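> using only what follows, build the 3D model:
(6 chains)
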Protein chains: 4
Amino acid sequence: MSEEPVPARLLSAATRLFAERGFDRTSVQEIVAAAGVTKGAMYHYFGSKDDLLHEIYGRVLRLQTEQLEKVVASGEPVSARLHAAASDVVVSSIDNLDDTTIFFQSMHQLSPSKRKAVRADRRRYHVLFRSLIEEGQRDGVFRTDKPADIVVDFFFGSVHHLAVWYRSDGRLSAQEVGTHYADLLVDSLRP
Amino acid sequence: MSEEPVPARLLSAATRLFAERGFDRTSVQEIVAAAGVTKGAMYHYFGSKDDLLHEIYGRVLRLQTEQLEKVVASGEPVSARLHAAASDVVVSSIDNLDDTTIFFQSMHQLSPSKRKAVRADRRRYHVLFRSLIEEGQRDGVFRTDKPADIVVDFFFGSVHHLAVWYRSDGRLSAQEVGTHYADLLVDSLRP
Amino acid sequence: MSEEPVPARLLSAATRLFAERGFDRTSVQEIVAAAGVTKGAMYHYFGSKDDLLHEIYGRVLRLQTEQLEKVVASGEPVSARLHAAASDVVVSSIDNLDDTTIFFQSMHQLSPSKRKAVRADRRRYHVLFRSLIEEGQRDGVFRTDKPADIVVDFFFGSVHHLAVWYRSDGRLSAQEVGTHYADLLVDSLRP
Amino acid sequence: MSEEPVPARLLSAATRLFAERGFDRTSVQEIVAAAGVTKGAMYHYFGSKDDLLHEIYGRVLRLQTEQLEKVVASGEPVSARLHAAASDVVVSSIDNLDDTTIFFQSMHQLSPSKRKAVRADRRRYHVLFRSLIEEGQRDGVFRTDKPADIVVDFFFGSVHHLAVWYRSDGRLSAQEVGTHYADLLVDSLRP
DNA sequence: AATGAATGAGAATTCATTCAT
DNA sequence: CATGAATGAATTCTCATTCAT
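Okay, the predicted model is just below:
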């Protein structure tokens, strides 16, 4: 049917199905049927169903980390960089809403060792984002009475939650939501 | 074994296990074993595993809605009422972290009809909370360039996310987190 | 609700449900709910679900045997008596189609000892009916090249089968079917 | 164990057990044990226990319809063709007494959609058989005061009932019973 | 690289029956 | 007479994974 290579087809079928029904409610049989291949083929490319999920996480994390690194390294004032980082992550979360849904509700279904790996990657992202806030606090641009950690968790809760309420056919574009969220974050940090 | 009635024992065993391992990864067998009863007893009181989850949701929603209604009806200035409402929901989410965990990751495992019922209850809560923001916007106390809906979703994402990062043996008490979150919310709404 | 005594209510609820869904597909819970009583009440009057079925069989068998005895003992010529007997059993099978359905498809669900008892009663009925044919054969009214046993089984197959195809809203009345069946039987025996 | 392929082994184990104990009283576990395979293997080939039953019905219906079509198409006089058709169906019902037993007592345990399919097949058989009677009625060979439909139902009741009383170690061979039944049918139709 | 038959462990649910009250 | 909580065994079906080909 498709010209895409088998592993990519499996990954996108799995992404769609995991987001739709959840990891546990999606059978390997359904994934391979949606990808138009057989079970044998899947187990040829991926060691387990778990591996598929892990690979999906990996893809998202790499993408978002790259984006964030670019923004952090730009020469803009810290306030503008935080605004851009926040807005970017919202837009990309909305653009990949299936990935966001999975992220937000399937982490605990990974095997412990893979969960640990994902958390470590996530941690790096978190630390990088936090460093922006800390920089602003040192520079006197952001308030200092809120621990930077708390602020990061506060904001990323909102981002993960997008998958719950955002509808692409709704009133607001991804960019508009990104701007609103970034405004709320940056303004909440005014000293 | 215990003096508590069977349904309550089942409900608390289920709450703990659903939070620990997720709804799909928890078997009815495990629940009844933890509650010290037989499967037949469980099906005597609850029509299905799904019912158990639905009941847990119902309990949380009733509790939080009651709290919110009290705060909304108090005579305080709107800004203080929003701060109290936000702080309260954070504290009660932390006090019942198992319920929060379940809420945030198992809703999509409810049967469609029950999911609809829960969403309707949730909606009422959301509307009530939103009305506080709208009131502040009308009174000129809060900025008007952010739709109240977006602000509510922004904030409740953060609240649901608490279950992901909050540890009761950590640095901050529930009350402290509540204050931080409420401050961030209210300050982000300064005109 | 009803003024009828509890055992009769149970029996008629069970008859209807067994005919509708079969013995194994009908739960005791459904029977007692349909009769408007509780399980305890049922077990007060009937020793088991099996007992209910046995009682239903008993009722039908007593009724049909009484009818047959009357016809056999009438002073009519044997050919008329066989015709009447055949027609009567068809009419009464149609009048009690639920009983007939149960008879025809649930005998093997009785416990072995009860099945034996029912078969013995059935046997008496069979022997009595057969005696009419044998009498006709001795008198030269009926052909003698067909064993009377075979003829009885041939005919009662047709009767049991009524439950499969007869519809009370159909073209033919019970009496008409009775006449047709009796004609076919008696005419098939012409020497 | 056996050289026969798995699906055939399952089918014959199921046939035997369904006839012995009835569909509802036979567990999938018993079937796969008798066939010497695992449950997983059964569900690999058959979608459900119901499918097994449906397949058994299909086999019988195809066989009997083929036989009947041959007889109907032969050049014999209609009376001889009806006699042969009747006799054949008796003999083949006795030769496959397990199938006949199942047919006669388990149809109502099929799922509604499958029951409909079986009934449609059965209907075609019925229509074909009836056409023989109608032909004889048009030709003046058979009486016309009995609807052909009624006659067919009358006769097939007798045939289904064979499973209830026929014993292969009894007095009469399948062929003898076939002849008796066919004689009774054809003679009952004499004008 | 890919197939598809087969496994085996475990899932949720049902149900006739008992028994203390 | 009647209740309804509780039992415990059985039931159908699902599924990730393996492996010979």
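
> what does chain A put close to chain B?
A:21-22, A:24-25, A:104-105, A:108-109, A:145-147, A:150-151, A:153-162, A:164-165, A:172, A:177, A:180-181, A:183-185, A:187-188, A:190 (C-beta under 8 Å from any C-beta of the partner chain). Every residue, glycine included, has its C-beta placed from N, CA and C.

> could I get stretch A:31-44 in PDB with only the CA atoms?
What follows is stretch A:31-44, C-alpha atoms only, in PDB (Å, rounded to 0.1, in the frame of the first residue of the first chain):
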ATOM      1  CA  ILE A  31      -0.900  -2.300  15.200                       C
ATOM      2  CA  VAL A  32       0.400  -4.600  12.600                       C
ATOM      3  CA  ALA A  33      -3.000  -4.700  10.900                       C
ATOM      4  CA  ALA A  34      -3.000  -0.900  10.800                       C
ATOM      5  CA  ALA A  35       0.500  -0.800   9.400                       C
ATOM      6  CA  GLY A  36      -0.300  -3.500   6.900                       C
ATOM      7  CA  VAL A  37       2.300  -5.900   8.000                       C
ATOM      8  CA  THR A  38       2.500  -9.200  10.000                       C
ATOM      9  CA  LYS A  39       3.500  -9.800  13.500                       C
ATOM     10  CA  GLY A  40       6.700 -11.500  12.500                       C
ATOM     11  CA  ALA A  41       7.700  -8.300  10.700                       C
ATOM     12  CA  MET A  42       7.100  -6.200  13.800                       C
ATOM     13  CA  TYR A  43       9.100  -8.500  16.000                       C
ATOM     14  CA  HIS A  44      11.900  -8.300  13.400                       C
END
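
> tell me which residues of stretch A:10-19 are tucked away?
Neighbour-count burial for stretch A:10-19 flags A:L10, A:L11, A:S12, A:A13, A:A14, A:T15, A:R16, A:L17, A:F18, A:A19 (criterion: 16 or more other C-beta atoms under 10 Å in any protein chain shown).

> could I get the average pLDDT for that stretch?
The pLDDT scores in stretch A:10-19 average 93.

> hmm, that stretch touching DNA strand F?
No: Stretch A:10-19 stays clear of DNA strand F (C-beta under 7 Å from any atom of the strand), getting no nearer than 10.5 Å.

> which residues touch that stretch?
With contact meaning C-beta atoms under 8 Å, 6 or more residues apart in numbering or on different chains, stretch A:10-19 is reached by A:4, A:26, A:30-32, A:34-35, A:37, A:41-42, A:45-46, A:52-53, A:55-56, A:59, A:97-99, A:101-102, A:106, A:163.

> list the contacts for A:S106?
Contacts of A:S106 (C-beta under 8 Å, 6+ apart): A:F18, A:G22, A:F23, A:L53.

> related to what we said a few turns ago, quick one, which of the contacts of stretch A:10-19 are buried?
Buried, going by 16+ other C-beta under 10 Å: A:26, A:31-32, A:34-35, A:37, A:41-42, A:45-46, A:52-53, A:55-56, A:97-99, A:101-102, A:106, A:163, out of those.

> so is the helix-or-strand element of chain A with minimal mean pLDDT next to DNA strand F?
One helix or strand of chain A scores below all others by mean pLDDT, DSSP states H and E: helix A:97-106, with a mean of 88. No: Helix A:97-106 lies out of reach of DNA strand F by C-beta under 7 Å from any atom of the strand, never closer than 13.0 Å.

> state the mean pLDDT of the helix or strand just after that helix.
Using DSSP states H and E, the helix or strand that follows helix A:97-106 in sequence is helix A:112-138. Helix A:112-138 carries an average pLDDT of 93.

> cool, stretch A:154-168 as well?
95.

> got the buried residues for it?
A:F154, A:F155, A:F156, A:G157, A:S158, A:V159, A:H160, A:H161, A:L162, A:A163, A:V164, A:Y166.

> who in chain A is up against DNA strand E?
Selection of chain A residues close to DNA strand E by C-beta under 7 Å from any atom of the strand yields A:V6, A:V37, A:T38, A:K39, A:G40, A:A41, A:Y43, A:H44, A:Y45.

> the residues you listed in helices, which ones?
A:V6, A:K39, A:G40, A:A41, A:Y43, A:H44, A:Y45 (DSSP state H).

> of those, which is the nearest to chain D?
Using C-beta to the nearest C-beta, A:K39 comes nearest to chain D of those, at 12.1 Å.

> quick check, that closest one in contact with A:V32.
Yes: the pair A:K39 and A:V32 passes the contact test of C-beta atoms under 8 Å, sitting 5.3 Å apart.

> so what's the residue count around A:E76?
13 (other C-beta atoms under 10 Å in any protein chain shown).

> how far off centre is the host helix or strand of A:S12?
Using DSSP H and E, A:S12 sits within helix A:6-21. When distances are taken as C-alpha atoms, centre = their mean, to the nearest Å, helix A:6-21 is centred 16 Å away from the chain's centroid.

> what angle do it and helix A:97-106 make?
Compare the direction of helix A:6-21 with that of helix A:97-106 by axes from the mean of the first three to the mean of the last three C-alpha atoms, to 10 degrees and you get 60 degrees.

> list the contacts of the following helix or strand past helix A:6-21.
Downstream of helix A:6-21, the first helix or strand assigned by DSSP H and E is helix A:28-35. With C-beta under 8 Å, 6+ apart as the test, helix A:28-35 has contacts from A:6, A:9-10, A:12-14, A:16-17, A:38-39, A:41-42, A:49, A:52.

> could you dump these to a markdown table with distance to D:R122?
As requested, the contacts of helix A:28-35 are exported to a markdown table (distance: C-beta to C-beta, whole Å):
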| residue | distance to D:R122 |
| --- | --- |
| A:V6 | 47 |
| A:R9 | 45 |
| A:L10 | 45 |
| A:S12 | 47 |
| A:A13 | 42 |
| A:A14 | 45 |
| A:R16 | 44 |
| A:L17 | 41 |
| A:T38 | 38 |
| A:K39 | 39 |
| A:A41 | 43 |
| A:M42 | 43 |
| A:K49 | 45 |
| A:L52 | 47 |
